[in-house]
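J.: I need the structure of the sequence given here:
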Amino acid sequence: MTENIVKDLTPLIIDIEGINLNPANTRKHRPEGIDLLCQSLTTYGQHKPIVVQKSNMLCRAGNGILTAALKLEWKKIAAVVIEEDSMLATAREIIDNRSAEIGSDWETEALALQLQALMGGDFDIELTGFSLEDLEAISTDLSPNEENAPESLDDLQDELSATVTAIVPLDKGEEVKSLIEEVLREAQIKNKIDLK
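T.: Predicted coordinates:
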């Protein structure tokens, strides 16, 4: 299969041959997880690079993505190749995995609303890794009020909107505003920025 790597990662593309999966990786990926990663790479492309330790070309972050890319028979992959000793690389790898394990949970109400909004836009939610059965189970657990369910992602975005205040030096206000607007525009997030 031809690689599907987003254009912005082009400068980081290297040959996949010679990159080693980490046999001592502290997080093991189940086959169904690799299948989801294959689906993600095929549908959306590689959006973030893997991390490779230069001295031994050992994958230190992104073993699941690398495994999926190999399964898809990719010849190239986007990678950040860094020089660091094995002790530091191992410690960073462990804390990355540990933070993912203890640092986040699904916000089930927001998840249910977003899945419903995608369905309202005739999007195949199977492409999110969730099935209709998953959505039904989540919705049943939450007992959402269907009258208040958003009809589209735009409606959902309005519903989940927030106000953020940032304090920046007066002479940097316009510059910071432009940078924030650019990031939000690329993420397709509606915004209104006022300088005060």
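J.: what about T10, distance to K76?
T.: 10 Å (CB to CB, to the nearest Å). C-beta: built from backbone N, CA, C; applies to glycine.
J.: what about these two, which has more around it?
T.: Counted by other CB atoms under 10 Å, T10 and K76 do not tie: K76 has more neighbours, with 15 against 9.
J.: the strands in this structure, which residues?
T.: Taking DSSP state E to define them, one finds strands in the chain at 13-15, 50-53, 58-61, 76-82.
J.: dump those strands to TSV, plus distance to I34 and mean pLDDT.
T.: TSV is the format used below for the strands of the chain (distance: least, CB to CB, whole Å; pLDDT from 0 to 100):
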stretch	distance to I34	mean pLDDT
strand 13-15	21	96
strand 50-53	14	95
strand 58-61	14	94
strand 76-82	15	96
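J.: so the longest helix seen in the chain versus strand 76-82, what angle?
T.: Longest helix in the chain, counting residues (DSSP state H): helix 86-102. Going by axes from the mean of the first three to the mean of the last three CA atoms, to 10 degrees, helix 86-102 is angled at 120 degrees with respect to strand 76-82.
J.: let me see the mean pLDDT of helix 86-102.
T.: Here helix 86-102 scores 85 as its mean pLDDT.
J.: stretch 38-45 too?
T.: For stretch 38-45, the mean pLDDT works out to 95.
J.: number the chain from 52, please
T.: Shifting the count to begin at 52 puts that one at stretch 89-96.
J.: mind listing what's buried in that stretch?
T.: Using 16 or more other CB atoms under 10 Å as the test for burial, stretch 89-96 gives 89, 91-92.
J.: for that stretch, what is the distance to the chain centroid?
T.: How far stretch 89-96 lies from its chain's middle: 12 Å, per CA atoms, centre = their mean, to the nearest Å.
J.: same check, this time on stretch 121-131
T.: Relative to the chain's own centre, stretch 121-131 is displaced by 17 Å; criterion: CA atoms, centre = their mean.
J.: before we move on, what about stretch 113-129?
T.: Centroid separation between stretch 113-129 and its chain, computed with CA atoms, centre = their mean, is 16 Å.
J.: C-alpha coordinates for it, PDB please?
T.: C-alpha atoms of stretch 113-129 as PDB (Å, rounded to 0.1, in the frame of the first residue of the first chain):
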ATOM      1  CA  GLY A 113       4.900   5.100  18.300                       C
ATOM      2  CA  ASN A 114       5.500   1.400  18.200                       C
ATOM      3  CA  GLY A 115       1.800   0.800  17.500                       C
ATOM      4  CA  ILE A 116       1.900   3.200  14.500                       C
ATOM      5  CA  LEU A 117       5.100   1.500  13.300                       C
ATOM      6  CA  THR A 118       3.500  -1.900  13.600                       C
ATOM      7  CA  ALA A 119       0.500  -0.800  11.700                       C
ATOM      8  CA  ALA A 120       2.600   0.800   8.900                       C
ATOM      9  CA  LEU A 121       4.600  -2.400   8.600                       C
ATOM     10  CA  LYS A 122       1.400  -4.400   8.400                       C
ATOM     11  CA  LEU A 123       0.300  -2.100   5.600                       C
ATOM     12  CA  GLU A 124       3.600  -2.700   3.900                       C
ATOM     13  CA  TRP A 125       4.700   1.000   4.000                       C
ATOM     14  CA  LYS A 126       8.200   1.600   2.800                       C
ATOM     15  CA  LYS A 127       8.500   5.100   4.400                       C
ATOM     16  CA  ILE A 128       7.300   6.700   7.700                       C
ATOM     17  CA  ALA A 129       7.600  10.100   9.300                       C
END
